[in-house]
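[1] Pasting a predicted model and its sequence here:
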Amino acid sequence: MTAHPCVRGDVAVLVPAAGMGVRLGPGAPKALRLLRGEPLLVHAVRRVAAAPSVGCIVVAAPSDAVDDVTALLSPLVARTVTSAPIVASETCGAAEHTLEASSESPLLLVVPGGATRQASVAAALAAVPAEFGIVLVHDAARALTPPELVETVADAVRGGHGAVIPVLPVVDTIKEVDNSGIVVGTVDRSVLRAVQTPQGFRRDVLTSAHAAAVDEHTDDAGMAEKIGVPVHTVPGSEAAMKITRPFDLAIAELLF
Ligand code: CTP
Ligand code: MG
C-alpha cells in the first residue's frame, strides 16, 4: 500500500489517558495531574512524539476533557484533529485541511475514553488511520518513558513479532497467600517479569485481540495471549515506571 503523504512514520501510538487516578488520591484525572509543573499526559506525549517511527498519536481523554486535552497537546505536534469517533479514511484529509502538514511531527487525534482502560484503548484503536500497520499502546501514567523504548518495541514488531512487551526482572521475593494472610508458597522469581508499556502489536493482532476479549484485562498483551499469539519480550526501562500512588509521583519528581 502507498503511504499517505501525511504519514511521518509507520507506527500509531494509542495513549489511554481517561482514568481517574483513584489510587493517586483526590484531584483531577491522573493524566492531568502535574509533574514538575506539567500534566503527566504532556510528558508522556512529548516523549512518544520524539520517537522517529511514530506517525500518529491517538489519545483517549476523559470524556469531558477532550477539548482541553486537545488544546494542551496541540503545541507538541503540528497536526491535530479532535473527533469522536473518527472515520479513519477521512482523518488525514481533515488534518491537512485544518493544519499544515509537517514531516517533523506526528498527527495527533484525541477521542473520548471509556469506563475502563480496555474501552479507552478500543476507542483509540478505532480512530487509527488505515495506513498504520503497527500499533503501540502506551499508558499516559508512564509519563517518563524514554523515546528509545518506543523505538525498541516498534522495531521488534517490524522485525516480525505480532505482539511485543517491555519487561523488567522482579526484584522482590513473591509469595502466594491465602484469604487469612497465611503463606501458601513462594513463587520462583526467576521466571517472573514486571510488564510495562508501550506494548506493540501488528495492527491485525491488536484488532483481533480486542474483538475476541470477553473479560477485562489490565494490559493488551493479555488479550493477545488469549487468542494464542506469542508475546515477545524486550528489555524495559526503569524510567517507564507507572505513576500509580503518591509515592510514585514523588519518585518521578526526583527522576525528572
Ligand atoms: N485509563 C483509561 N481509561 C480508563 C481507565 C484507565 O484510559 N477508564 C488509562 C489511565 O489514564 C492510565 C492507564 O489507563 O494512563 C493505566 O491505568 P491506571 O494506572 O490504573 O490509571 P487510573 O485508572 O487513572 O488509576 P486508578 O486505577 O488508580 O484509578
Ligand atoms: Mg485503573
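    That came through fine. Ligands and ions are numbered 1, 2, ... in the order given.

[2] Where does the residue of the stretch 51-200 of the chain found nearest ligand 1 fall, secondary structure wise?
    In the stretch 51-200 of the chain, no residue comes nearer to ligand 1 than residue 120, which is 3.3 Å away by CB to the nearest ligand atom. For the C-beta atoms, the positions are set from N, CA and C on the backbone; glycine is no exception. Counting by DSSP states H and E, the element that carries residue 120 is helix 117-126.

[3] and for that helix, what are the contacting residues?
    14-19, 58-60, 84-86, 109, 111-114, 135, 137, 206-207, 210, 213, 216-218, 220, 223 (CB atoms under 8 Å, 6 or more residues apart in numbering).

[4] So which of those residues reach ligand 1?
    Taking CB under 6 Å from any ligand atom as the test, ligand 1 is in contact with 16-19, 60, 113-114 out of these.

[5] Of these, which belong to helices?
    Among those, no member is found in helices (DSSP state H).

[6] ok, so of these, who is nearest residue 32?
    Distance to residue 32 across these (CB to CB) is lowest for residue 17, with 8.3 Å.

[7] Residue 245 versus the closest one, what's the distance?
    Distance of residue 17 to residue 245, given as CB to CB, to the nearest Å: 18 Å.

[8] Look at the two and report which has more neighbours.
    Taking other CB atoms under 10 Å, residue 17 and residue 245 do not tie; residue 17 has more neighbours (29 against 13).

[9] Most proximal residue of this structure with respect to ligand 1?
    For the chain, CB to the nearest ligand atom, closest residue to ligand 1: residue 19, 2.0 Å.

[10] and that residue, what pLDDT?
    We have a pLDDT of 98 for residue 19.

[11] Tell me how many other residues crowd it.
    Residue 19 has 21 neighbouring residues, counting by other CB under 10 Å.

[12] ok, and the closest non-adjacent residue to it?
    residue 30 (5.5 Å; CB to CB, 6 or more residues apart in numbering).

[13] Could you list the contact residues of the stretch 151-256 of the chain toward ligand 1?
    So the stretch 151-256 of the chain meets ligand 1 at 242, 244 (CB under 6 Å from any ligand atom).

[14] Is the residue of the chain closest to ligand 1 in contact with residue 31, as I believe?
    Yes. The pair residue 19 / residue 31 is scored as a contact, 7.1 Å apart, by CB atoms under 8 Å.

[15] Report the set of residues contacting both of those two.
    Residues touching both residue 19 and residue 31 by CB under 8 Å, 6+ apart: residue 141.

[16] Perfect, that will be all.
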